[in-house]
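**Student:** Pasted the sequence and its predicted model underneath.
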Amino acid sequence: MASLAVTLLVLPWPVTGIPEYRVGQVAQVEVRALGNIEVVDKRATSFFLKRVREKVKPVFDLDTRWISQTSDKIATLFSELRVSFEESDVKRDLGQFKEMLGVDLPEDVVRTFRRYEYTPWVEDAITFLLFKLGEYWILPPGTPIDPQALVGGLAVRDVQLSKEFISRGVERIYSLSEVRVLIRRLVVEKLPYRMGSLRRAVIILLSRLAKPDFFYNQKVTQERLRQAQEKVKPVFIKVGKGEVIIGKGKKVTPKTALLLAAAQGEAKSNFLLPVLGHFWGILLLLYISTLCWFRVYKGRAESYVSYRLFLSLLVGFMVMVRFFFMISHRMPLLFSWTGDANTMQAIPWAFPGVFMAFLFHFLPSLVLILALTGCMAFLSGLDPLLTVTFLAVSTAGAYAIRKGKGEKAVVIGIGMALLVSIILEGAFLLIKGYPWGFSLILEGVALLISALLSLFLVLAAIPLTELIFGVVTDIKLLSFINLDHPLMRELLEKAPGTYNHSVDVATLAEAATRAVDANPVLAKAGAYYHDIGKLKNPEYFIENTEGVSRHDKLAPSMSRLVLISHVKDGVELAWEYKLPEAIRDIIQQHHGTSLIYYFYHKAREGSKNRDVEEEDYRYPGPKPRTKEAAIVMMADSVEAAARSLEEASPSRIRNLVREIVTSIFLDGQLEECELTLRDIYRIMDVFSRILTAIYHKRVEYPEREERGGGFHLGPAKDQGS
């Protein structure tokens, strides 16, 4: 669909000279046929086909052999039951009904027949009603034709008599679900009212003996319809070359509308090959772009959301460019003082590249830029001025974007794009030999308009994209890294240790993401809020206590539940405070499926058989799926472990960082994110450097001691800062 839409946008549609009119409109010009035209009058042809179909009757197969077969079985059964009546009982009779007739009857039905001692007149009454039932035709369940549609008649093929006849009544046709009503009516007419119990017994027996005997033969019906329709020849409307299809001032009729459509089709047939060429070219271009897009994202979940945005932006930008082309080519009087090239330079070339790079990264924006460059080549007829300008300007603007800068990044990107466009335009002016005068001023104004329009579109599209596609931008994330946020204030008041831990984790995560070209704003925001679930039970986490752990009085299994629940509680709080989905994902993934090592070993030591399941002491996950979530996980573990070091020397910190990150890697927690081994080494270097700076050795300060009413400087008792 996207390739078709882009093809329609880039295709230079020719004018056929055949106006388009709807039925009932008055022709403004006379239209003549460019060649011999012969079109099928679908309306007339459909009329004749309908008449033929009405003459073909639906075919049904009637097979009433079950009536005589069942009658013989009833005669044999009742004869045997009369003979063995004195020696038999209800249960034995039930078995004989089941064996002879293949039906299960209630015991009260058999008792009723026994009350009448299976007399011949009861047998005759049942047989009479059975043959009376055979006069009606029973449809099986799921028959595709409604009996009410058979009022016009139907063809009946009697299987027993091997003959076919036409029936025009539907009063004899019943569905299997309606047979019980028919049987009740027949029994009431045959048996008197005083034999109520016998009536009921016969109704139940016949209802269970009744079988479908009227079958719709769809295959034969369809074959007869096909043969009848083949005999109907299509009705043609013919017009010779040069003949008038419709005169000026004449009203368009259904027939003339068909001829006009045929004339337009013939006029456009000469342009079929260019249309196909554009379509296949655009299709190939989008296919390659799609492969590159998903190669960049490597199957991540957000790739599908961003891909929908990619297609929307591709089509939307081409609509905009097509609009500029329409203005420049169809309104020459308005733009005669500028010319086509100047009008085209006012297109916001930097918008798609800068916008996509701001939302995601440079590589996704480059895929979009290359796809749009191909579309621009199709639209402009390989005009180097337009294609090269767009490719260079949009790429330069996208490359200048740096994550984490907010609106400032957009301004920098647009500024870089404007600079490149000015340089390019100067080069094109020199190549074409334009005089350095009014043309240069016009070019400069057009480029400035392009830059301002790009800036406006990017800033206007950001909130719309957040609303429609759910993409979280840096601008939105910046509002959540404010420590004055209600959640952060509450964390400071109720869990000050967790607050300090989160701030330190944010420092580590932000620096690490910058080292591996990830989003520092997202990582910092996720680190701030990753432990907000501890607000529910802050006293159960060691950083919020004064060295006394409440877990000493709890079983390991209970401690496990407390620790695991802080992730779920954090996600719930994130929903309550309407934190973006990207932050919620980091909260949910910052422990992955890692093992709660301390309480797992404590549980094993306290178990007699040491049969504690390791899976019970793992977080529910999921594992980190983005670079930012993985970095927060590592920063969280490293920062917490660094606090426990008694002597935080650079070598010990470096070994600690390597040990913890390696254990996370070997545990498989990083297998669903895009971090490479090189990224992990860079992250460990950043962690080691920052933690060394945080826990560096302090200088010993002398302290003041009071002696004889005064103070003097003496050695310090401890190190502090």
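**Tutor:** Cool, got the structure. Numbers count the residues shown, from 1 in each chain.

**Student:** The nearest residue to residue 85 once chain neighbours are set aside - how many residues pack around it?
**Tutor:** With sequence-adjacent residues excluded and distances taken as CB to CB, 6 or more residues apart in numbering, residue 85 is closest to residue 117, at 5.9 Å. Just so you know, the C-beta spots here come from the backbone N, C-alpha and C atoms, and that holds for glycine as well. Using other CB atoms under 10 Å, residue 117 has 11 neighbouring residues.

**Student:** Is residue 117 in contact with residue 83, as I believe?
**Tutor:** No. Between residue 117 and residue 83 there is no contact under CB atoms under 8 Å: 11.4 Å.

**Student:** A helix includes the residue nearest to residue 85, no?
**Tutor:** No. Under the criterion used here (DSSP: H, G, I helix; E, B strand; the rest coil), residue 117 is coil, not part of a helix.

**Student:** Quick check, pLDDT for it.
**Tutor:** In this model, residue 117 is scored at 85, pLDDT.

**Student:** got it, and residue 274?
**Tutor:** pLDDT, residue 274: 60.

**Student:** Please apply the same query to residue 42.
**Tutor:** On the pLDDT scale, residue 42 gets 78.

**Student:** how about it, what does it touch?
**Tutor:** Shown in contact with residue 42 (CB atoms under 8 Å, 6 or more residues apart in numbering): residue 258.

**Student:** mind redoing it with 7 Å?
**Tutor:** Counting by CB atoms under 7 Å, 6 or more residues apart in numbering, residue 42 touches no other residue.

**Student:** could you pull out the helices for the stretch 451-600 of the chain?
**Tutor:** 474-478, 486-494, 496-515, 520-529, 556-576, 581-589, 597-606 (DSSP state H, counting those that start in this stretch).

**Student:** in the stretch 51-200 of the chain, which spans are strands?
**Tutor:** 59-62, 137-139, 154-158, 163-167, 173-175 (DSSP state E, counting those that start in this stretch).

**Student:** Same list (the ones you listed) but as TSV, adding distance to residue 373 and mean pLDDT.
**Tutor:** As requested, the strands of the stretch 51-200 of the chain are arranged in TSV below (distance: least, CB to CB, whole Å; pLDDT from 0 to 100):
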stretch	distance to residue 373	mean pLDDT
strand 59-62	64	89
strand 137-139	66	87
strand 154-158	66	87
strand 163-167	71	85
strand 173-175	66	84
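
**Student:** List the buried residues of stretch 27-36.
**Tutor:** For stretch 27-36, a neighbour-count test (16 or more other CB atoms under 10 Å) marks 27, 31, 33 as buried.

**Student:** Out of those, the closest to residue 75 would be?
**Tutor:** The nearest member of these to residue 75, counting by CB to CB, is residue 33 at 80.0 Å.

**Student:** can you tell me how far that closest one sits from residue 246?
**Tutor:** To residue 246, residue 33 is 10 Å away according to CB to CB, to the nearest Å.

**Student:** for residue 603, same thing?
**Tutor:** 90 Å.

**Student:** repeat for residue 473
**Tutor:** 56 Å.

**Student:** higher neighbour count, those two?
**Tutor:** More neighbours surround residue 246 than the other of residue 473 and residue 246, with 23 against 17 (other CB under 10 Å).

**Student:** pLDDT score for the more buried one?
**Tutor:** For residue 246, pLDDT reads 79.

**Student:** and it, what is it in contact with?
**Tutor:** Here residue 246 is in contact with 27, 31, 252, 256, 260 (CB under 7 Å, 6+ apart).

**Student:** Need the max-distance pair from these.
**Tutor:** 31 and 252 (10.0 Å).

**Student:** Quick one: residues contacting residue 253.
**Tutor:** residue 23.

**Student:** Over to the closest residue in space to residue 356 that isn't next to it in sequence. Which of the three states is it?
**Tutor:** Excluding the flanking residues, the one nearest residue 356 by CB to CB, 6+ apart is residue 365, at 3.7 Å. When classified by three-state DSSP, residue 365 comes out as helix.
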